[in-house]
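# build the 3D model from these lines:
(chains A and B)
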Amino acid sequence: TQLLEQSPQFLSIQEGENLTVYCNSSSVFSSLQWYRQEPGEGPVLLVTVVTGGEVKKLKRLTFQFGDARKDSSLHITAAQPGDTGLYLCAGDPSNTGKLIFGQGTTLQVKP
Amino acid sequence: KAGVTQTPRYLIKTRGQQVTLSCSPISGHRSVSWYQQTPGQGLQFLFEYFSETQRNKGNFPGRFSGRQFSNSRSEMNVSTLELGDSALYLCASSLTAGPYNEQFFGPGTRLTVL
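Predicted structure coming up:
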């Protein structure tokens, strides 16, 4: 059983479209992180959300942390081919530095 | 500042062999974590080392072990390799241990077990 469930698992869209990726859990997290991983590379941290209801923006990417701190979402506006990659959410349920990752969402943006 | 480096980048072994992977953290970082990434299971935590001591351990068999040296460099070892050990092994470093420390990942070592 995955502690963090991501959906969808795969997404193939055209350049310019909008999309949302979801990360859900039945557990409460003190914070959640979003990473992007490109082929042949390790994950790169995009953002950490800490406060319930928090919204953070990173250019065309908007991250939201649920009020109950059990879920998060990543919304991309006007996707570009450079957004292609594997998006991962992660959290530390035991607050010890041991990160648990969702299964990931593979995003392909076609020009 | 150089990023996290992992060696080797690619490795092919046969069942029953053992393997040692190396990770050099970002200069000044004292915590190193290891993860296994497979298509089926995703990214799973293996263990974390800080000041040469293992702080956290994931749910992996004892065939998986690691250590950290005084210069913070870390190695992980897998003995008696199985086909299912084929994976991308990622190392991540952070300034210190514990929660809320940003982890910086290396490019990984791709291990194939035949």
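
# alpha carbons only for contacts and neighbour counts from here, please
Fine.

# look up the closest residue to the residue most central in space within chain B, ignoring the ones flanking it.
Among the residues of chain B, the one closest to the centroid is B:Trp34, at 3.2 Å (CA atoms, centre = their mean). Counting by CA to CA, 6 or more residues apart in numbering or on different chains, B:Trp34 lies nearest to B:Cys91, which is 4.5 Å off, once chain neighbours are set aside.

# can you name the residues that contact the one you found?
B:Cys91 sits next to B:Val4, B:Gln6, B:Cys23, B:Val32, B:Ser33, B:Trp34, B:Tyr35, B:Phe105, B:Gly106, B:Gly108 when contact means CA atoms under 8 Å, 6 or more residues apart in numbering or on different chains.

# kindly report the same for A:Glu54.
A:Gln64, A:Phe65, A:Gly66, A:Asp67.

# still on that earlier bit, need the contacts of B:Cys91 in TSV (columns: pLDDT and secondary structure).
As requested, the contacts of B:Cys91 are exported to TSV (pLDDT from 0 to 100; DSSP: H, G, I helix; E, B strand; the rest coil):
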residue	pLDDT	secondary structure
B:Val4	97	coil
B:Gln6	98	strand
B:Cys23	98	strand
B:Val32	96	strand
B:Ser33	96	strand
B:Trp34	97	strand
B:Tyr35	97	strand
B:Phe105	96	strand
B:Gly106	96	coil
B:Gly108	97	coil
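
# ok, of those, which come out buried?
Buried members of those, scored by 16 or more other CA atoms under 10 Å in any protein chain shown, are B:Val4, B:Gln6, B:Cys23, B:Val32, B:Ser33, B:Trp34, B:Tyr35, B:Phe105, B:Gly106, B:Gly108.

# from those, pick the one nearest B:Lys13.
B:Gly108 (16.3 Å; CA to CA).

# tell me the contacts of that closest one?
Going by CA under 8 Å, 6+ apart, the list of residues near B:Gly108 reads A:Gly40, A:Glu41, A:Gly42, B:Gln6, B:Arg9, B:Leu88, B:Tyr89, B:Leu90, B:Cys91.

# try 6 Å
B:Tyr89, B:Leu90 (CA atoms under 6 Å, 6 or more residues apart in numbering or on different chains).

# least trustworthy helix or strand in chain B by mean pLDDT?
strand B:53-57 (a mean of 92; mean pLDDT, DSSP states H and E).

# show me what from chain B comes close to chain A.
Selection of chain B residues close to chain A by CA under 6 Å from any CA of the partner chain yields B:Gly42, B:Leu43, B:Gly98, B:Pro99, B:Phe105, B:Gly106, B:Pro107.

# could you give the bridge partners of the first one?
What it means is B:Gly42. Beta-bridge pairing of B:Gly42 under DSSP bridges involves B:Thr38.

# pretty sure it is touching A:Gly104, no?
No: contact criterion CA atoms under 6 Å: B:Gly42 and A:Gly104 do not qualify, at 7.4 Å.

# these two: which is more packed in?
Using other CA atoms under 10 Å in any protein chain shown, the more surrounded residue of B:Gly42 and A:Gly104 is A:Gly104, with 29 against 18.
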